[in-house]
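**Q** build me a structure from this.
(chains A, B, C and D)
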Number of protein chains: 2
Amino acid sequence: MSSVLGSAPAGEGGAVVSRTMEAAAEIRSRISHGELKPGDRVPEAKLAESLGVSRNTLREAFRSLNQEGLITQVPNRGAYVAIPNINTIIDIYRVRRLIECQAVADALPRHPAFTDMRSAVEAALEQRDLDDWAGVAGSNIRFHRAIFELADSPRLNRLYVQLTTELRLAFGLIDDPEYLHAPFLERNLEILELIEAGETAKASELLREYLFLAERILLAGYERLSTT
Amino acid sequence: MSSVLGSAPAGEGGAVVSRTMEAAAEIRSRISHGELKPGDRVPEAKLAESLGVSRNTLREAFRSLNQEGLITQVPNRGAYVAIPNINTIIDIYRVRRLIECQAVADALPRHPAFTDMRSAVEAALEQRDLDDWAGVAGSNIRFHRAIFELADSPRLNRLYVQLTTELRLAFGLIDDPEYLHAPFLERNLEILELIEAGETAKASELLREYLFLAERILLAGYERLSTT
DNA sequence: GCAAGTCAGATTGCTCAACAATCTTAGGCA
DNA sequence: TGCCTAAGATTGTTGAGCAATCTGACTTGC
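**A** Reported below is the predicted structural model:
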């Protein structure tokens, strides 16, 4: 047995977590860290052993991950790390434009999410100066998560988590955070300041162009992938 | 053993369905038919026996249902049919206003979804004349599903399925389809005709008022529930 | 050489039985 | 009444096992 999951005897400050949830979290982390790449098979027996859980427990974790869109399950053939294709990208950006632009346009003045937006923008600029592009990617995602939060809707926030989960897979396929994120740092700041100044209509329009451009850049990266 | 699930030896035209999926479908159906009501406990052992599946299989089904928002799982205490509370209602309508109004405003001319919208509207009017209010409820949901389809986004459609799943629970608590749906039949027709006439801005505005009213009616019904 | 058929090995889908951990509840006691 | 305890019930997790299905290599016949 080569368990990776901790097995503290419970009784800590944090919430109660089952082994199933731990397993799911560990797989999520392996995917987002690139140990598991899109298209990889995820065999039950091997993974169960490497995580130190039983097959049954792992299968429960798979059900969760499947519905999060992280893995794809084919009956009798097993689970694969999901491969975001071009249609996925197009759909995700369609949804983002619809929700983010509206959220910005309707943003209430002095909304608590402003704080998160500003800290994400500033962190991203610092990280760029340090050439920490992975950090920039994370900060950029935090910025847009804050935009979603402007809508004050738990359900939309949950949707956003799913969208970024899938987007991260796509970013991972391109694997060039500078190419993907550099063009947007200044714009993030610009959008934030427009919102704070109450010019939500302008901010929303700027964000719309921004998201179209981001989609184009990502799709162009995909194009290059498939032709090489 | 008193299995309810069919166990055909496989090999039919339809998609491959696992026992887990069958179990989940059966539970979904029991909830939407009112056999299981919000707040009901759903004990693993009993339900597994009544469905004719093992506890492990049922637990996998629970994972799916949990993420669909149909049941709530509390660690070490089991699963309950979800109880939509007032915050749930408010959030769902917030999301619906944001997405449906935008989808209508951006609707492409002669979109295929128009057909569904019209057939749903007409079905609802006929059902009203037959006093088939359960039918009206279903047609009304079909109408709004078609509105979501105007956005041409698989992810938004999936979101809509989740929202209506939860809404159905709320409607079930009120249990007065005429009260809930009668005020909207004429408006549905009006909105449809505005869209078809290309007056999407007007249609969107009308829909927004509509959704605010629907929310108010549902919340008022809730109010009466808790005070009686 | 190539298409079709066959068969063993691997993997998944599902079940069962068992046990530890946790929650609930009913009694007992101060 | 209010707290404590012990028994009972339910969940969390495991491991073994078997049938169904898929995969890939091998054989066969053209």
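**Q** quick one: the most centrally placed residue in chain A from residue A:118, how far?
**A** Nearest to the geometric centre of chain A sits residue A:164, at 2.5 Å (C-alpha atoms, centre = their mean). Note on residue A:164: its distance to residue A:118, by C-beta to C-beta, to the nearest Å, is 20 Å. For glycine as for every other residue, the C-beta is placed from the backbone atoms N, C-alpha and C.
**Q** and what of residue A:225?
**A** Distance of residue A:225 to residue A:118, given as C-beta to C-beta: 35 Å.
**Q** helix or strand: which one has the residue of chain A found nearest chain B?
**A** Taking C-beta to the nearest C-beta, chain B has its nearest neighbour within chain A at residue A:63, 3.9 Å off. Residue A:63 belongs to helix A:55-68 when assigned by DSSP states H and E.
**Q** can I see the domain layout of chain A?
**A** Following automatic domain parsing, chain A resolves into domains at A:19-81, A:86-227.
**Q** so which of the ones you listed is nearest DNA strand C?
**A** Each of the domains of chain A has some distance to DNA strand C by C-beta to the nearest atom of the strand; the shortest is domain A:19-81, at 3.1 Å.
**Q** which parts of chain A are strands?
**A** Applying DSSP state E to chain A gives strands spanning A:41-42, A:71-74, A:78-81.
**Q** in the helix ranked longest in chain A, what counts as buried?
**A** Across chain A, the helix with the greatest residue count (assigned by DSSP state H) is helix A:200-227. Neighbour-count burial for helix A:200-227, counted by 16 or more other C-beta atoms under 10 Å in any protein chain shown, picks out A:200, A:202-208, A:210-211, A:214-215, A:217-218, A:221-222.
**Q** can you give me the offset of it from its chain's centre?
**A** 16 Å (C-alpha atoms, centre = their mean, to the nearest Å).
**Q** thinking again about what came up before, any buried residues in the helix holding residue A:63, and which?
**A** A:56-68.
**Q** got it, and stretch A:85-97?
**A** So for stretch A:85-97, counting by 16+ other C-beta under 10 Å, buried means A:88, A:89, A:91, A:92, A:93, A:94, A:95, A:96, A:97.
**Q** and for the first one, nearest residue in space, chain neighbours not counted?
**A** What it means is residue A:88. Once flanking residues are discounted, residue A:88 sits nearest to residue A:166: 6.2 Å by C-beta to C-beta, 6 or more residues apart in numbering or on different chains.
**Q** one step back: pLDDT (mean, whole number) over the longest helix of chain A?
**A** Helix A:200-227 carries an average pLDDT of 92.
**Q** cool, stretch A:40-51 as well?
**A** Average pLDDT, stretch A:40-51: 94.
**Q** is it anywhere near DNA strand C?
**A** Yes: Stretch A:40-51 reaches DNA strand C (C-beta under 7 Å from any atom of the strand) through A:41, A:42, A:43, A:44, A:45.
**Q** can you tell me the closest non-neighbouring residue to the second one?
**A** Put plainly, it is residue A:42. Once flanking residues are discounted, residue A:42 sits nearest to residue A:79: 4.4 Å by C-beta to C-beta, 6+ apart.
**Q** go on, the first one?
**A** Closest residue in space to residue A:41, ignoring its immediate chain neighbours: residue A:80 at 5.7 Å, by C-beta to C-beta, 6+ apart.
**Q** cool, the last one as well?
**A** Taking C-beta to C-beta, 6+ apart as the measure, residue A:45 lies nearest to residue A:55, with 6.5 Å between them; neighbours along the chain are not counted.
**Q** what about that neighbour, distance to residue A:44?
**A** 5 Å.
**Q** the residue nearest to the centre of chain A and residue A:144, how far apart?
**A** Per C-beta to C-beta, residue A:164 is found 8 Å from residue A:144.
**Q** what does residue A:157 give?
**A** 11 Å.
**Q** same thing with residue A:54?
**A** Distance of residue A:54 to residue A:144, computed by C-beta to C-beta: 38 Å.
**Q** residue A:43 is in contact with residue A:77, isn't it?
**A** No: judged on C-beta atoms under 8 Å, residue A:43 makes no contact with residue A:77 at a distance of 10.7 Å.
**Q** hang on, the earlier thing: near DNA strand D, from the buried residues of stretch A:85-97?
**A** With C-beta under 7 Å from any atom of the strand as the criterion, no member of those is in contact with DNA strand D.
**Q** let me know the closest of the residues you listed to residue B:171.
**A** residue A:95 (26.3 Å; C-beta to C-beta).
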